[in-house]
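1. build me a model from this:
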Amino acid sequence: MKLDKSVLSLYAVTDRRWCGEKTFEQQIEESIEGGITILQLREKNITYQKFKDEGIKVKKICSAYHIPFIIDDDVYLAKEIDADGVHIGQSDMKLIDARKVLGKEKIIGVSVQTVEQAVSAEKYGADYLGVGAVFSTNTKDDADSVSIETLKAICASVSIPVVAIGGITFENIAGLSGSGISGIAAISAIYAQKDIRLSCKLLHNKVRECFYGTDAF
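-> Predicted coordinates:
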């Protein structure tokens with residue numbers, strides 16, 4: 001699937017640790033209303049059945065708002081619940097096998113940290129790339145850092161959209177200007193915030209200013 005890069009401009013990755021007084025579904029709905037453009041359901045250390053149950057709920061919300069819905073890591077779950085796509089890492093199912101499972105119409109994103117990985121992912125059919133961590137982060141314990149120079153080199157080496165992730169906040173987004181990315185992926189900058197709608201609106205406007213120009217969308 002050929003993605004319009006604007007679909008990836010504000011990529012939300014869920015994390016239920018910050019639910020607080022709100023339900024997980026309420027947080028997601030507020031982020032969509034605030035302006036996210038795509039959502040990835042990321043769940044760790046839960047059963048397949050619970051992941052599936054959550055996936056069905058979140059897919060329903062995303063469908064109502066016409067927001068693409070991506071499953072983290074689990075290709076077979078994405079297939080089973082007919083998600084819009086899956087995001088896989090270097091240690092997950094091979095991209096070529098994921099494409100066989102999901103077919104050519106589904107979105108497949110791949111995490112990369114080097115130019116070689118990026119070129120290979122595009123060659124084997126990735127629709128977009130996630131690159132990070134571009135800033136230090138406490139959200140993902142296993143996240144290695146990627147320099148801005150490497151991020152630029154990755155963007156220059158492929159024709160598919162690239163999304164930066166890792167430690168991105170409203171305050172440091174501008175530091176990614178000129179890198180060639182199509183958008184930012186955020187977790188705590190969205191779901192750890194008291195006012196999720198406002199945070200997403202501010203992030204959305206900042207992304208538009210830094211990467212698209214004020215009239216782009």
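
2. which of the helices or strands spans Ile184?
-> Using DSSP states H and E, Ile184 sits within strand 183-186.

3. which elements pack onto that strand?
-> Counting contacts by 3 or more C-beta pairs under 8 Å, 6 or more residues apart in numbering; DSSP states H and E, strand 183-186 packs against strand 10-13, strand 162-165, helix 196-207. Quick note: C-beta positions are derived from backbone N, CA and C, even for glycine.

4. mind checking which of the ones you listed is nearest Ala126?
-> For those, the distance to Ala126 is smallest for strand 162-165, at 10.3 Å, taking C-beta to C-beta.

5. just checking: what are the partner strands of that closest one?
-> In the sheet, strand 162-165 lines up against strand 128-132 (parallel), strand 183-186 (parallel) (DSSP bridges).

6. nearest residue to Gly166 other than its sequence neighbours?
-> Nearest in space to Gly166, with sequence neighbours left out and distances taken as C-beta to C-beta, 6 or more residues apart in numbering, is Ala133 at 2.5 Å.

7. any idea which helix or strand comes after the lengthiest helix in the chain?
-> If you go by DSSP state H, the chain has its longest helix at helix 48-65. Heading C-terminal from helix 48-65, the first helix or strand you meet, by DSSP H and E, is strand 69-72.

8. pLDDT averaged over whichever helix or strand comes after that following strand - what is it?
-> Moving toward the C-terminus from strand 69-72, the next helix or strand (DSSP H and E) is helix 75-80. Mean pLDDT, helix 75-80: 98.

9. export only the CA atoms of helix 75-80, formatted as CSV.
-> Extracted C-alpha coordinates of helix 75-80, given in CSV (Å, rounded to 0.1, in the frame of the first residue of the first chain):
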residue,chain,number,x,y,z
VAL,A,75,1.1,-10.1,12.4
TYR,A,76,-1.4,-12.9,13.0
LEU,A,77,-3.5,-10.8,15.3
ALA,A,78,-3.5,-8.0,12.8
LYS,A,79,-4.8,-10.5,10.2
GLU,A,80,-7.4,-12.0,12.5
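
10. which residues does it contact?
-> Here helix 75-80 makes contact (C-beta atoms under 8 Å, 6 or more residues apart in numbering) with 48, 51-52, 55, 70-71, 83, 85-86, 88, 92-93, 97-98, 101-102, 106.

11. cool, stretch 104-124 as well?
-> 1, 3, 68, 70, 78, 83-90, 95-96, 98-99, 102, 125-132, 144, 146, 150, 153-154, 157-160, 162-163.
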